[in-house]
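Participant: Return a 3D structure for these sequence lines:
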Amino acid sequence: MKQLLCLLWISLAFASCDTAIRPTSLLLSLDSVEHISGKPEYLGSPFVTAGDRVYMIGHQDGSFPDLGWHVEGEMGGIWDHPIKLMDGFSLNIKEVTGKEAYCLDKADEFINYPFANKHIFRKGDLLIQRTQFVPDDGMEGLVVEYAITNESENEKELELAFTGMVDLRPVWLAERKNIEDARDTLFLQELSETYLGKDLNNDWYTIFGSSESVVGYRIDESPCPQGRKGLGTDGTIVSRVTIQPDETYPVQYYIAGSYTSADEAHATYDQLKGTASVALKNKMKRYDQIAQASSISIPDKDIETMYRWVKYNTAWLIRDVPEIGRGVSAGLPDYPWWFGADNCYTLQGMLATGSPAEVNATINLIEKLSMELNGNGRIIHETSTNAETYNPGNLNETPQFISLLWTFYQWTGHKETLEKYYPEVKKGISWIEAQDKDGNGYPDGPGMMEIHGLHSEMVDVVVYTQQAYEAAAQMAIEMGEPNLGAEYQKKADALKKKINSEWWVESAQSFADFRSTKAQALELIDAAIVRADTINKPWSIKELEQTKKELTSKATANTSGYVVHHNWVVNTPTEMGIADPEKADKALATARKYSNRFGMYVTGMDRDEASDASSKWKSFSYVGAVMTLPTGVQAISEARYGHPDEALGYLKKLHNSFSYALPGSMYEVSPDYGMIVQAWNIYAVAVPVVNYFFGIQPEAHKKQVTIAPDMPEGWDNVSISNVLVGDNNISFTKSSKDSLVTYQITQRNPDWTVLLKLPSQATSTVLINGKVASSTEKNNYVTITLTGPDNIVSIQQ
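Facilitator: Residues are numbered from 1 along each chain as shown. Predicted coordinates for the structure are as follows:
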């Protein structure tokens, strides 16, 4: 009897392998989710699907070619920082009773979702939809599903050969830690029907398997071979499925990894296989929360959609390496690590769109890396995910980060963060002051523009230093050091005055690129002429030669400001709002000349007068680039100085790049070059909308918010909901009908004060909740003070 039960158990076990329980199809969860379809001409370009630990980059056609330049050819595939797991995978489908076999690497269509993506293949009478997503919550793995539909009238028996292209290798700068990549090997694990990959010299692992029973295994014999670099190897698992006419059969594959142990890789694999549908639902819920935070409704639905998707894009860039920290990376595929400057922009947009926890984590990470490396208040520029820093910091990062800390405090009221980093703020101020080599009040060295030879006094460094003094003055007061605060404020006021005098070039109607001696300026002009000639910009050569002629005849030994490159940083005085209004209007008018339909040129002398089309670089370069950050800076500048229509125009230029190549994303270089997703895009889009169009000005530390809306023409009925300020949640609606304008403001914490600030000429009789109310007028603005959970302000114009 005991022997019979044992035989029965064995037979049942084999039967269950032949009739594996099918997983819940991912397609069912995506039926009603917003999505954007790609363009056929960009199927041969990259996409990304990402979680907070793992992400995958391949091509929209379903293939995984070598791509990227930071580690040449290795920046795509599946990454679990600080290591790579795989170069990708492939699936070959063969009819058991026929001759047809298909490698699924030439998709007919690509569809992007906020948290997943889909490739659609049509092969004979088969429709195959490949869907993948990467769970969040620290899971080191991903799920890939092939939903196969039999569109014929006959039953089909298919052989599925899934190949995992294992390539366990370290991230950029690993050589500094004496970490060497070794050849990978595969171990067949018959009990779990999986392959385990291991780097021979390092404890790096990846494991993959299927929801289906496996009938065959192959090593280094891929039915869909792809040439690739590295020391990886291929492992193939073969399954068989029978699909009835008009039936859709989902087959899932699970890929997990670990850079510490095989046990961790196995645990993640088991979790993925057992809870894939739950992980997807959790991810959907998280992205719905992202969508709902600072959610806007505006007449321009294209801008509204772009605004929502840049929030999703930013979530794709969160990199969590527990041994180092969690923070927003700069861009994919080539900048999947952490930057000081990039985050000084990015985190402002994330605060405006309701991600204070991620902002706090990123601030902590950047400060930690900076203190460990520099220890003197200097903020790092670029650090890889193995904690190796490539650049300890340019001159712009430190003052920008000081300003960011104050912005964070205004949005969150987290005094503990201010208390923690205030000593570093004072060190940072001292460090930046020490970079003033000639004692004229201007730090000497590189800022945002990393141009060879351009290391004199840079306008963005000076502007951001002025803002750092402003922020440090406010922090000092909060920290009980009013005398130091007054000292910082005095320096801020003096520097603001000097920027408007010594940095303004009236003949160019612009702020200067840089200040230098005459000899230094002539060297830079000669280099610029060579550059302009190389990229065939005759108008720029003519202008530069005239500038050189005027400078040559000028007898001066002093440093002066020069407009040579028309770099976008000349707009930082307007970005920060420190330009005198008259000069701002002139500078903004000048800046408008250096754009095309996609936005602002990084270097204005590269402007192409002949075409608006993007250039096709043969190698990675920013020469001739139009970029999202300069365009966003210009939008913010226009909005700051009361030009919302012009600001909206720049957002529309940004939208010309939105979904241009990767649906749902904007490239770093407009419209289709460089990083396929870029963190600072959220600064370019969200800050003009939230901070200026809706006019949200937070002061969480005072339990107060000012709302000073300044809408573009035609934006008469708008709303923003669930704006997180401290522990408050605020929503604002503006509606117009005839001459009656109604504002509705709700807040979760009724003890907070909301100040509604409106232009004087736009108001006459003011009603609050139907009762005549008083208001205060100052500097051509009327301020209406509101308390309580819900207020309706009606104004008869």
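Participant: before we move on, what SS does Arg130 have?
Facilitator: Under DSSP: H, G, I helix; E, B strand; the rest coil, Arg130 falls in the strand class.
Participant: Report how many residues lie close to it.
Facilitator: Neighbourhood size, Arg130 [other Cβ atoms under 10 Å]: 21. From N, CA and C alone the C-beta is placed, and that goes for glycine too.
Participant: Next up, the contacts around it.
Facilitator: Gly62, Leu91, Leu104, Ala107, Lys118, His119, Ile120, Phe121, Val144, Glu145, Tyr146, Ala147 (Cβ atoms under 8 Å, 6 or more residues apart in numbering).
Participant: what ranges do the helices span in the stretch 601-750 of the chain?
Facilitator: 628-640, 644-657, 681-686 (DSSP state H, counting those that start in this stretch).
Participant: quick revisit: closest one of the contacts of Arg130 to Gly393?
Facilitator: If you rank the contacts of Arg130 by distance to Gly393 using Cβ to Cβ, Val144 comes first, at 40.1 Å.
Participant: Pull out the buried residues from stretch 253-271.
Facilitator: 253-259, 262, 264-266, 268-269, 271 (16 or more other Cβ atoms under 10 Å).
Participant: Just the ones of these in strands?
Facilitator: Tyr253, Tyr254, Ile255, Ala256, Gly257, Ser258 (DSSP state E).
Participant: Any idea how far stretch 229-248 is from the middle of the chain?
Facilitator: Between the centre of stretch 229-248 and the centre of its chain there are 34 Å (Cα atoms, centre = their mean, to the nearest Å).
Participant: mean confidence score for that stretch?
Facilitator: Average pLDDT, stretch 229-248: 96.
Participant: my read: Asn656 touches Met666, true?
Facilitator: No. Asn656 is not in contact with Met666 according to Cβ atoms under 8 Å; the separation is 9.5 Å.
Participant: and Lys737, bridged to which residues?
Facilitator: Beta-bridge partners of Lys737, counted by DSSP bridges, are Leu740.
Participant: count of neighbours near it?
Facilitator: 9.
Participant: packing partners for the host helix or strand of Phe408?
Facilitator: Using DSSP states H and E, Phe408 maps to helix 397-412. Where contact means 3 or more Cβ pairs under 8 Å, 6 or more residues apart in numbering; DSSP states H and E, helix 397-412 is packed against helix 340-352, helix 356-373, helix 415-434, helix 459-478, strand 696-699, strand 718-725.
Participant: Next, the angle helix 356-373 makes with that helix.
Facilitator: Here helix 397-412 points in a direction 150 degrees away from that of helix 356-373 (axes from the mean of the first three to the mean of the last three Cα atoms, to 10 degrees).
Participant: What's the mean pLDDT across helix 397-412?
Facilitator: 98.
Participant: Now do the nearest residue to Glu543 once chain neighbours are set aside against Glu545, distance only.
Facilitator: Residue nearest to Glu543 in three dimensions, not counting chain neighbours: Met605, with 7.7 Å by Cβ to Cβ, 6 or more residues apart in numbering. Distance, Met605 to Glu545, using Cβ to Cβ, to the nearest Å: 12 Å.
Participant: Comparing these two, which residue is more hemmed in?
Facilitator: For Met605 versus Glu545, neighbours defined as other Cβ under 10 Å are more numerous around Met605 (24 against 13).
Participant: Tell me who's in contact with the more buried one.
Facilitator: Contacts of Met605 (Cβ under 8 Å, 6+ apart): Ala528, Arg531, Ala532, Lys537, Ser540, Glu543, Leu544, Val564, His565, His566.
Participant: Pull out the buried positions in stretch 287-295.
Facilitator: Going by neighbour count (16+ other Cβ under 10 Å), the buried part of stretch 287-295 is Tyr287, Ile290, Ala291, Ala293, Ser294, Ser295.
Participant: Nice, that's everything, thank you.
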